[in-house]
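Student: Fold the following.
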Amino acid sequence: MLLLGIETSCDDTATALVRDGRDVVASVSTDQDAFHSKYGGIVPEIASRQHVALLTAAIEDALARAGAHFGDLDGIAVTRGPGLIGSLVAGVASAKALAFALDKPLYGINHLHGHVFAAFLERAKPPSYPFLALLVSGGHSQIVRVSSSTGMEILGRTRDDAAGEAFDKTARLLGLPYPGGPAIDRLARYGDATAHAFPRHRPGRGSLDLSFSGLKTSVRYFLETPEGKSAKTEDVAASFQAAVVDVLVARVDAAIAQGDYRSVVLSGGVAANSGLQRALRTWAARNGVELVIPEQPYCTDNAAMIAAAAFYQRDAVRADPLTLTADPNLPFELPLPSGDRR
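Tutor: Numbers count the residues shown, from 1 in each chain. Here you go, the predicted structure:
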């Protein structure tokens, strides 16, 4: 089953061809960092306009790389939410037009579900159910029990800033370029993670929720002190990153003790962070837990994960190309798209 995936939830224009939910035949992704960096963050209007300008070429590029034609496709998969409404509309409109014109099935995918299925890409043996997923990105941070392709339950989520959002805001405080997460990760490699004792959020007893706004505020106040003004930027970056990593590993450790899980999946943009990957690998080896991390290109937003999700969820997410709508606030629980034709 060869599916075309389209992902435009934020500022990356991505397309991919994936066979049987695992084999990535072609993957194309164009970031918009050059358009947004001077603003220190994503400008939604610019993002949506760039998707409109780039998407047709990205679809044609994916087909060309795969040596495929529209007639070879068995369906179209597209991110319908959550995300920036203008960006989502650009992708959904294109997918609907293709599905209608080609008379191919259309699948409306939850972006966060896509991150779960990124762990299935290019793997001979995918994670076995049930598994625990740590989804950490610029807009979302949550711990999820995945019991089947459509059975997902959020066990803990951020109460304020997502992990990636905290990275971007802290990078701005440190005068680092956008995007902030990769900039802090690079700088932290040269710093002392024990130089500054930033706070680690601890939720109430039994809770797996996350919080990073207090950590970000602590860094801001520290930088205003005489000690902070003379501190090495790489030490602040390393200490901040260590605090985020400690919190995430602690939540995974607490969650794994509450269920019978076969493995742990780390996914989302922050999954590309080298410090987090090292810490979780150490934790997994110490506890005898299988840790699955997607290949680097599939950690960040990509269209291959959207096509993979469509393959595994296809009976639940098939939609009518005339009525499927973008939803910037699409709930995590699997909803049936409008116009469902099962």
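Student: residues contacting Thr194?
Tutor: Ser239, Ala242 (C-beta atoms under 8 Å, 6 or more residues apart in numbering). For every residue, glycine as well, the C-beta is placed using N, CA and C.
Student: Torsion angles phi and psi at it?
Tutor: Main-chain torsions, Thr194, degrees, to the nearest 10: phi -100, psi 10.
Student: Likewise for Gly114?
Tutor: Torsion angles, degrees, to the nearest 10, at Gly114: phi -60, psi -40.
Student: quick one: it and Ala16 touch, right?
Tutor: No: counting by C-beta atoms under 8 Å, Gly114 stays clear of Ala16, with 10.7 Å between them.
Student: okay, these two: which has more neighbours?
Tutor: Set Gly114 next to Ala16 and count neighbours by other C-beta atoms under 10 Å: Ala16 wins out with 31 against 28.
Student: Make sure the more buried one is indeed in a strand.
Tutor: Yes: secondary structure of Ala16 (DSSP: H, G, I helix; E, B strand; the rest coil): part of a strand.
Student: which residues touch Phe332?
Tutor: For Phe332, counting by C-beta under 8 Å, 6+ apart, the contacting residues are Asn110, Leu112, His113, Gln142, Val144, Met152, Ile154.
Student: mind checking how far it is from Leu155?
Tutor: Note on Phe332: its distance to Leu155, by C-beta to C-beta, to the nearest Å, is 11 Å.
Student: Nearest to the spatial middle of this protein, which residue is it?
Tutor: A centroid search over the chain (C-alpha atoms, centre = their mean) returns Gly268, at 2.9 Å, as the residue closest to the centre.
Student: out of everything not next to it in sequence, what's closest to that residue?
Tutor: Distance criterion C-beta to C-beta, 6 or more residues apart in numbering; nearest residue to Gly268, sequence neighbours excluded, is Ser137 at 3.7 Å.
Student: Show the average pLDDT along the helix or strand where Phe117 lies.
Tutor: Take DSSP states H and E as the rule and Phe117 turns out to sit in helix 111-117. Taken as a whole, helix 111-117 has a mean pLDDT of 96.
Student: now swap in stretch 57-68 and tell me
Tutor: What stretch 57-68 shows for mean pLDDT is 97.
Student: and that stretch, which residues are buried?
Tutor: Ala58, Ile59, Ala62, Leu63, Ala66, Ala68 (16 or more other C-beta atoms under 10 Å).
Student: Kindly report the same for stretch 138-155.
Tutor: For stretch 138-155, by 16+ other C-beta under 10 Å, it's 138-146, 149, 152, 154-155.
Student: thinking again about what came up before, tell me, what's touching Gly114 and Ala16 both at once?
Tutor: Glu7, Ile306.
Student: For this protein, give me the ranges with low pLDDT.
Tutor: The chain contains residues with pLDDT under 70 at 32-40, 335-342.
Student: ok so, going back, which helix or strand lies directly C-terminal to the helix holding Phe117?
Tutor: strand 131-136.
Student: got a list of contacts for that next one?
Tutor: Taking C-beta under 8 Å, 6+ apart as the rule, strand 131-136 contacts 112, 115-116, 119, 141-146, 152, 162-164, 248, 251-252, 255-256, 259, 261-271, 276, 280, 292.
Student: Using ChimeraX, define a selection of the buried residues within these.
Tutor: Of these, the buried ones can be selected in ChimeraX as follows, counting by 16+ other C-beta under 10 Å:
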select :112,115,116,119,141,142,143,144,145,146,152,162,163,164,248,251,252,255,256,261,263,264,265,266,267,268,269,270,271,276,280,292
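Student: what are the ranges of the strands in the stretch 201-342 of the chain?
Tutor: 263-267, 290-292, 318-319 (DSSP state E, counting those that start in this stretch).
Student: One more: the stretch 1-150 of the chain?
Tutor: With DSSP E, counting those that start in this stretch, the ranges of strands along the stretch 1-150 of the chain come out as 2-7, 13-19, 23-30, 75-81, 106-110, 131-136, 141-146.
Student: Just flag the most distant two among the buried residues of stretch 138-155.
Tutor: For the buried residues of stretch 138-155, the maximum inter-member distance is 25.3 Å, found between Gly138 and Ser149 (C-beta to C-beta).
Student: Kindly format the C-alpha coordinates of stretch 300-309 as CSV.
Tutor: Output of stretch 300-309 as CSV, limited to C-alpha atoms (Å, rounded to 0.1, in the frame of the first residue of the first chain):
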residue,chain,number,x,y,z
THR,A,300,11.0,16.5,13.7
ASP,A,301,7.9,17.2,11.7
ASN,A,302,7.8,15.1,8.6
ALA,A,303,5.3,13.6,6.2
ALA,A,304,6.5,10.0,6.4
MET,A,305,5.0,9.7,9.9
ILE,A,306,1.7,11.0,8.6
ALA,A,307,1.6,8.3,5.9
ALA,A,308,2.6,5.7,8.4
ALA,A,309,-0.2,6.7,10.8
